[in-house]
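> This is a predicted model, with the sequence first.
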2 protein chains.
Amino acid sequence: MPQYTPPVRDTRFVLDHVIGLQQHANLPGFETASPDVVEAVLEEGGRFVAEVLFPLNQVGDRQGCTRHDDGSVTTPEGFKDAYRQYVESGWATLGNQPEHGGQGMPHSISVAFQEYLISANMAFAMYPGLTHGAIAALVAKGSPEQQAMYVPKMVSGEWSGTMNLTEPQCGTDLGLIRTRAEPNADGSYAITGTKIFISAGEHDLTDNIIHLVLAKTPGAPDSSKGISLFVVPKVLVNDDGSLGARNAVTCGSIEHKMGIHGNSTCVMNYDGATGWLVGEENKGLAAMFIMMNAARLGVGLQGLGVAEVAYQNAVHYARDRRQGRALTGAAEPDEKADTLFVHPDVRRMLMEGKAWTEGLRALCLWAALQADLEHAAPDEADRERAADLIGLLTPVIKGVGTDKGYEVATNAQQVYGGHGYIAEWGMEQYVRDARIAMIYEGTNGVQAMDLVGRKLAQKNGRAVQAFFQMVATEVAEAKGDAAAADLAGRLEKALGELQAATMWFVGHGLKNPNHVGAGAVAYMHLMGLVAVGLMWLRMARAAARLKAAGEGDAGFLEAKLVTARFFGERMLPDAGALRRKIEGGADSLMALPEDAFLAA
Amino acid sequence: MPQYTPPVRDTRFVLDHVIGLQQHANLPGFETASPDVVEAVLEEGGRFVAEVLFPLNQVGDRQGCTRHDDGSVTTPEGFKDAYRQYVESGWATLGNQPEHGGQGMPHSISVAFQEYLISANMAFAMYPGLTHGAIAALVAKGSPEQQAMYVPKMVSGEWSGTMNLTEPQCGTDLGLIRTRAEPNADGSYAITGTKIFISAGEHDLTDNIIHLVLAKTPGAPDSSKGISLFVVPKVLVNDDGSLGARNAVTCGSIEHKMGIHGNSTCVMNYDGATGWLVGEENKGLAAMFIMMNAARLGVGLQGLGVAEVAYQNAVHYARDRRQGRALTGAAEPDEKADTLFVHPDVRRMLMEGKAWTEGLRALCLWAALQADLEHAAPDEADRERAADLIGLLTPVIKGVGTDKGYEVATNAQQVYGGHGYIAEWGMEQYVRDARIAMIYEGTNGVQAMDLVGRKLAQKNGRAVQAFFQMVATEVAEAKGDAAAADLAGRLEKALGELQAATMWFVGHGLKNPNHVGAGAVAYMHLMGLVAVGLMWLRMARAAARLKAAGEGDAGFLEAKLVTARFFGERMLPDAGALRRKIEGGADSLMALPEDAFLAA
């Protein structure tokens, strides 16, 4: 049966030696994150998710959620009690600001814990995960009264939150929203409409659910410029903070879906529900993007989290399962067969898993540090640079993190052979769960368009230039470093492909914007290769440095060096192919009339 | 809800203009396959699967199979009646030889029909599909008496067949088999052991099920050289052909699995069941490979079949769903939004689906022609060449066909956005169903090892040289052809990468066979790109020829030319990356001790 061990040692390596958490002790909250505290949080948090949440992962998949005739929803057996423990142990408050009752830990610590949470039980992790996004929107755009009423109880985990964007006729194109918000005399609004695919829309884990809902006020522009954001509690909250009457919002049904069965995906019916405007009228999209950007990084982390647990199990299986003999002659002649580990192609799949999970972990934790720097770096230029970099790389982390997460999970399943297809082994669930992350919070194609259509051009390309500069500088430094020179050379080549592809877009995009759209996903993956390649360069250099100093576990450091080499030899070659695909442009994609797509 | 139209026009194009079925009218059976007959078979066969089997596809997934306490298994609602119609309409006998009651049609016609059958209902198609493999083994290795007793009723579809290889402790490594065959006094054997993952092992579609079972006789060598093949009917057959006593073989349980729920995947318990040796003692593996090779081509076809139906649905959805605006300005300003079809990245996913399904279809039908030529070409050199080519490309068709089939199905699901994840739309089922094809009949890693470890070296590389020669000749011819010159140049480059990778194996494999194993899957995909690229070259040239002659549907032919260009621009660039990965060798894969794979 599946097992999971939180990769605390690897997280620590990244925090200490790749992003240099301790060098930022001047940032607010970072002073509390001493090495001892970080170690304790990761160890205890890891133990909690492994012992309490991981055992519920297959149960949640098998049972799913149940909607009752009165519209209430029951989560799988054990979820409610586990959530209570999660809240009581204080895990909900880790990264939130102290003024809202949070522990104010650095974002990178919170993200490290969230990775473990997702690995242990992705469907469970979505309940608190969506609450984080809702808190972010209320903190950024809510009135002081709204913040006081909702945020502390959401931070503590007493209440949960949701994002209500999608409707039957609109997903990506929010301008098509039909949900209406009619003003009431008391300044509130009556919200009416149907929202679909609402994760955690209804459940039994908390006494109240705070819905953040996009809707249109009367006379609003008939486009995405006419959308407003409303806060609509499931149960109305009295002025003294106690719970009042049930609001007119109900779960109409829950979806039968491919995976994440433990999370309730709801159709939510708003039938004149009372809501309050968050921020300004018609500015709802901007408010929603605050939730969305946080959520997108969280979804990228889902790619990593599911890949990690799937990968770990594949490693165990490859060590236990005996089948065939090493090509170089029997490795264990006294056994009837060698383990799967002797087979180069099994090792290839495992090394890919190792290279992507460790590389994505470094990238996610690095991004989390940028999120802190964006808000709290003392120097304005540092804040801007961090904001630029995280804005640029958010779609890359979401898109590449989830595409590669799915690939790693699929390969891990493949290591099991036929057993990987059987439910009881647990591997097929990882593939089904991982699949949604490529779709929601904006499909990966939408992420790629955000990258090439918005992020590249913003502020005259300042962000992408900063990224290129960062990579080029570190490549130049690393070239003199024997342990990293080979990877540095390969990364420099990949960076060259990325820069050439960028210039190709500049040259061809004005003539025909479809040329940019046609290469968007390939470009996103090319940037992902360079970004994760940079992380491997840093990891290799750190490992070499520690090894030379005689610090750390020699085997662990050697594995970093070998995996960095593997990433360079086996992953970076895709950069050239991606560039050539981009340079194919849009013509052969756009030439055919729609009828010609059906050869029947 | 999902829809499916058999791509008869495209099949006809391939049969008529790419593999030139009519030019082989001198082969046995081909004389009956006049254009009219082919048209009728494809049209009627397509109508049958679309009307009778396709409506049962989602039902089968939802209901699955049910095992009862007595070990009997009920298939999903409607399967039994549909199977009866399938048999009564004669579809079971299409490609079988007339001496066994078959219609003796060319293999390519039978394969074309099987593609439709799989697209309509993959889980259903596996019941007759496994029977085909069992027939092949009995025809090749069974005694005249065994053939007379079993084959005609298996050909007619009255009885079905299975392959029993896998046991709990052995999948790929059949030398580990523990099932025993003790000789009885009457020349039969008592078979005892447990087989797992037996597709269609027990069901209610037929009165008898003929199991072909690998087992070991007393004193047999303790390796794959000690395996014998036995025929073990579920119900013993009397000398007059009537059914006798129930044999001691029962279904112990059915697996709960990721997909193909409509097919019963059984644990089969042999408890002294009566069986008869097929072929020679200890030569069971060779006999099993006859079934296996037929089955591997069939599994490659599953990749194509599921990809095709998933792709078709994605095309329909992209035409219907309105979301966002074209990058070049509103395509339909009077509508509130344009269709998904205007978005370049949606078109990219659809074009990839089109390029792979049409390319794989051509490759599968071409391989089917080689299977006929292998047995029936008048000239011995032609028979040998066909045998070489199909032997070489069987693992490529299985491995690349199923990897790309899964990718196309996953992309088709992606086109649907969130709706793709919801069961009622049907797309997630295609992904779950397609996944098994990468695993069974030898994982795709095993296919790659068959290719590089056996097929490349056989007869001093005669097969791969013939393949290189075939591609090089057609590339040279096509270069003077305006419509195909660009693709020819790109294919020549990809062929160069494949040849270089082959030489790299030759140079490095002797030093360390792990270098070959480490590049095996990349090599298989590189060969797949060249093989499918060759098919696109042929299709482009045929389309240009017909267009110039003013024959055929201009839109259909233009689509072939555009898709050929797309394949060259967007798929062939991977060839260079694959070669570079291969040339990375085994060192970075094999360097780490097993412990180092766990970073926790």
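Looks like it came in fine.

> and A:Val231, what helix or strand is that in?
Assessed by DSSP states H and E, A:Val231 sits inside strand A:228-233.

> ok now that strand, how far from the chain's centre?
In this view, strand A:228-233 has its centroid 24 Å away from the chain centroid, taken as C-alpha atoms, centre = their mean, to the nearest Å.

> now stretch A:321-335
Distance of stretch A:321-335 from its chain centroid, counting by C-alpha atoms, centre = their mean, is 40 Å.

> Tell me the buried residues in that stretch?
Buried positions in stretch A:321-335, judged by neighbour count with 16 or more other C-beta atoms under 10 Å in any protein chain shown: A:Arg321, A:Arg322, A:Gln323, A:Gly324, A:Arg325, A:Ala326, A:Leu327. For glycine as for every other residue, the C-beta is placed from the backbone atoms N, C-alpha and C.

> What residues does the stretch 451-600 of chain A have near chain B?
A:453, A:512-514, A:516-518, A:520-521, A:555-556, A:558-559, A:562-563, A:565-566, A:569-570, A:573-574, A:576-577, A:580-581, A:584, A:586, A:588-600 (C-beta under 8 Å from any C-beta of the partner chain).

> what do you get for the stretch 201-350 of chain A?
So the stretch 201-350 of chain A meets chain B at A:255-259, A:312, A:315, A:319, A:322-324, A:327-328, A:336-337, A:341, A:343-350 (C-beta under 8 Å from any C-beta).

> Just the ones in helices from the residues of the stretch 451-600 of chain A next to chain B, please.
If you go by DSSP state H, these have A:514, A:516-518, A:520-521, A:555-556, A:558-559, A:562-563, A:565-566, A:574, A:576-577, A:580-581, A:588-590 in helices.

> Any of those residues buried? List them.
Buried subset of these (neighbour count, 16+ other C-beta under 10 Å): A:514, A:516-518, A:520-521, A:556, A:558-559, A:562-563, A:565-566, A:574, A:576-577, A:580-581, A:588-590.

> mind checking the SS state of the residue nearest to A:Lys455 when sequence neighbours are not counted?
Among residues not flanking A:Lys455 along the chain, A:Leu392 sits closest, at 4.9 Å (C-beta to C-beta, 6 or more residues apart in numbering or on different chains). Three-state call for A:Leu392 (DSSP: H, G, I helix; E, B strand; the rest coil): helix.

> Let me see the contact set for A:Leu392.
By C-beta atoms under 8 Å, 6 or more residues apart in numbering or on different chains, the contact set of A:Leu392 is A:Leu451, A:Lys455, A:Leu456, A:Ala463, A:Val464, A:Phe467.

> most neighbours, which of the residues you listed?
When neighbours are counted by other C-beta atoms under 10 Å in any protein chain shown, A:Leu451 leads these with 25 neighbours.

> Now do that residue, the pLDDT please.
With respect to pLDDT, A:Leu451 has a value of 97.

> Surely it and A:Ala522 touch.
No. Under the criterion of C-beta atoms under 8 Å, A:Leu451 makes no contact with A:Ala522, lying 11.2 Å away.

> Report the separation between the closest residue to A:Gly298 other than its chain neighbours and chain B.
What sits nearest to A:Gly298 in space, not counting adjacent residues and going by C-beta to C-beta, 6+ apart, is A:Gly129, at 5.4 Å. Distance of A:Gly129 to chain B, computed by C-beta to the nearest C-beta, to the nearest Å: 17 Å.

> Could you do A:Lys225 as well?
Relative to chain B, A:Lys225 is positioned 14 Å away (C-beta to the nearest C-beta).

> since we're on A:Gly226, how many residues are nearby?
17.

> Could you pull up the contacting residues of it?
Shown in contact with A:Gly226 (C-beta under 8 Å, 6+ apart): A:Gly175, A:Lys216, A:Thr217, A:Ala220, A:Asn282.

> Out of the residues you listed, which comes closest to A:Asp481?
Of all the contacts of A:Gly226, A:Asp481 sits closest to A:Gly175, with 51.0 Å by C-beta to C-beta.

> isn't the closest one right up against A:Leu214?
No. Contact criterion C-beta under 8 Å: A:Gly175 and A:Leu214 do not qualify, at 10.6 Å.

> Look at these two and report which has more neighbours.
Neighbours were counted for A:Gly175 and for A:Leu214 using other C-beta under 10 Å; A:Leu214 has more, 25 against 20.

> CA-only coordinates of whatever helix or strand that one lives in, as PDB, when you get a sec.
Assigned by DSSP H and E, A:Leu214 falls within strand A:208-215. Provided in PDB are the C-alpha atoms of strand A:208-215 (Å, rounded to 0.1, in the frame of the first residue of the first chain):
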ATOM      1  CA  ASN A 208     -19.600  28.600   7.900                       C
ATOM      2  CA  ILE A 209     -18.300  28.900   4.400                       C
ATOM      3  CA  ILE A 210     -17.400  32.300   3.000                       C
ATOM      4  CA  HIS A 211     -18.100  32.500  -0.700                       C
ATOM      5  CA  LEU A 212     -16.400  35.100  -2.900                       C
ATOM      6  CA  VAL A 213     -18.600  35.500  -5.900                       C
ATOM      7  CA  LEU A 214     -18.200  37.300  -9.200                       C
ATOM      8  CA  ALA A 215     -21.500  38.900 -10.400                       C
END
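
> That one pairs with which strands, parallel or anti?
Strand A:208-215 sits in its sheet next to strand A:159-164 (parallel), strand A:228-233 (antiparallel), going by DSSP bridges.
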